[in-house]
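J.: show me how the following folds:
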Amino acid sequence: CKTVFTMHGLEQFAASRLFIWHDRIYFNLAMRLYCRRADAILCMTEAGKADLQHYLNVKREKIHVIPEAYNQQCKMIHDEGRLQQIREKFRLPPHFLLFVGGITPLKNIPVLLHAFQLLKDKGYKQKLVIAGFRRWKDEKDMALIHQLGLEQDVIEIGYVKDEEIPLLYILADCFVLPSFYEGFGIPILEAQACGCPVIISNPAPMKEVAGGGAALIFDPRNQVELAEKIETLLKNDDLRNSLIQKGLQNVKKYNWSITAQKTIKALEQSVNPLIPI
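T.: Below you'll find the predicted structure:
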């Protein structure tokens, strides 16, 4: 029968050093086999398509770019009662920076913590809120909180329910995603949809999703640059408002219904290549 599979990301190739040796061997062999045998491959971004061609030498005509979307509960919310409930539930301070995601080496938490320490040394009073469950190999990264003396300034709140996440974005001063690689980066769109300014690292799929000019971008290996980006945003209300407005415009391009329709067309074309996509 015809075979179609979705490639959500190529982090095992783009950031291979973060994975243990036998996983690297498995992915290198298995993904090449899958790509060779598949009649079609779905990926999330044009940058992801380029990565498939670069790392796995996939023929471009096999690849269908179908963007993902985001939780439609993520939107501007002006219910002060709900906002106050979330602030009290998680004991959130008046001003904080926000990270959302599963805690793994890929998320690059150490650079975020070092950048945050640089801001504290300059006198900034914001706290850092880390939302997301610990997934794998998180101990060393999260131990930095204690090593840097940030126990009173970093608030780790763990897993957050879908209906509560929008309220976190709305309350935050900004959202930071410092990942070494993301195949898409749904939290980028979640934050933008909630009117939260976004700062991201520079892997091409993330920049594509964030939209031109709708996020501040930094080198994920450079904690000083990240600290400078955060400081610039905190000091510049005009920049903050510009990022918010551009983010709200950017998310209009993304919708799960569109994702579904394009997926159906890709599946149909894999059966009958004469069907236009």
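J.: list the contacts for V4?
T.: A38, D39, A40, I41, L42, A266, L267, S270 (C-beta atoms under 8 Å, 6 or more residues apart in numbering). For glycine as for every other residue, the C-beta is placed from the backbone atoms N, C-alpha and C.
J.: kindly confirm my reading that the fourth one is in a strand.
T.: Yes. According to DSSP: H, G, I helix; E, B strand; the rest coil, the state of I41 is that of a strand.
J.: so it bridges to which residues?
T.: On the basis of DSSP bridges, I41 is bridged to F5, I63.
J.: just the buried members of the contacts of V4?
T.: Neighbour-count burial (16 or more other C-beta atoms under 10 Å) applied to these gives A38, A40, I41, L42, A266, L267, S270.
J.: nearest to G183 among those?
T.: Nearest to G183, judged by C-beta to C-beta, of the buried ones among the contacts of V4 is L42 at 11.3 Å.
J.: I186 versus that closest one, what's the distance?
T.: Separation of L42 from I186 (C-beta to C-beta, to the nearest Å): 16 Å.
J.: try R221
T.: Per C-beta to C-beta, R221 is found 24 Å from I186.
J.: next one: D51
T.: Counting by C-beta to C-beta, the gap from D51 to I186 is 18 Å.
J.: and those two? Which one has more around it.
T.: D51 (24 against 19; other C-beta atoms under 10 Å).
J.: go ahead and confirm the more buried one touches L10.
T.: Yes. At 4.7 Å, D51 and L10 qualify as touching, with contact defined as C-beta atoms under 8 Å.
J.: G102 reaches G132, doesn't it?
T.: Yes. With contact defined as C-beta under 8 Å, G102 reaches G132; the gap is 5.2 Å.
J.: so between those two, which is more surrounded?
T.: G132 (20 against 13).
J.: what's near enough to touch that one?
T.: Counting by C-beta under 8 Å, 6+ apart, G132 makes contact with F99, V100, G101, G102, I103, G158, Y159, V160.
J.: right, and A115 touches P220 too?
T.: No. Using C-beta under 8 Å, A115 makes no contact with P220, being 10.7 Å away.
J.: in terms of neighbours, single out the busier of these two.
T.: Neighbours per residue, other C-beta under 10 Å: of A115 and P220, the larger number sits with A115, 26 against 23.
J.: what's the spacing between the more buried one and N202?
T.: 15 Å.
J.: which ones are touching the closest residue in space to T232 that isn't next to it in sequence?
T.: Excluding its sequence neighbours, the residue lying closest to T232 (C-beta to C-beta, 6 or more residues apart in numbering) is L239, at 6.8 Å. For L239, the contact set (C-beta under 8 Å, 6+ apart) comprises P197, T232, L233.
J.: and the helices in the stretch 151-277 of the chain?
T.: Applying DSSP state H, counting those that start in this stretch to the stretch 151-277 of the chain gives helices spanning 165-171, 186-193, 204-210, 223-235, 237-250, 256-271.
J.: which ones are touching the closest residue in space to E151 that isn't next to it in sequence?
T.: Leaving aside its chain neighbours, E151 sits nearest to I145 (6.2 Å; criterion: C-beta to C-beta, 6+ apart). Shown in contact with I145 (C-beta under 8 Å, 6+ apart): L113, E151, V154, E156.
J.: then P187?
T.: V100, G101, F175, L177 are the contacts of P187 under C-beta under 8 Å, 6+ apart.
J.: how near is the spatially closest residue to V224 that is not a sequence neighbour to C174?
T.: Using C-beta to C-beta, 6+ apart and skipping the chain neighbours, the partner closest in space to V224 is L118 (6.8 Å). Between L118 and C174 the computed distance is 15 Å (C-beta to C-beta).
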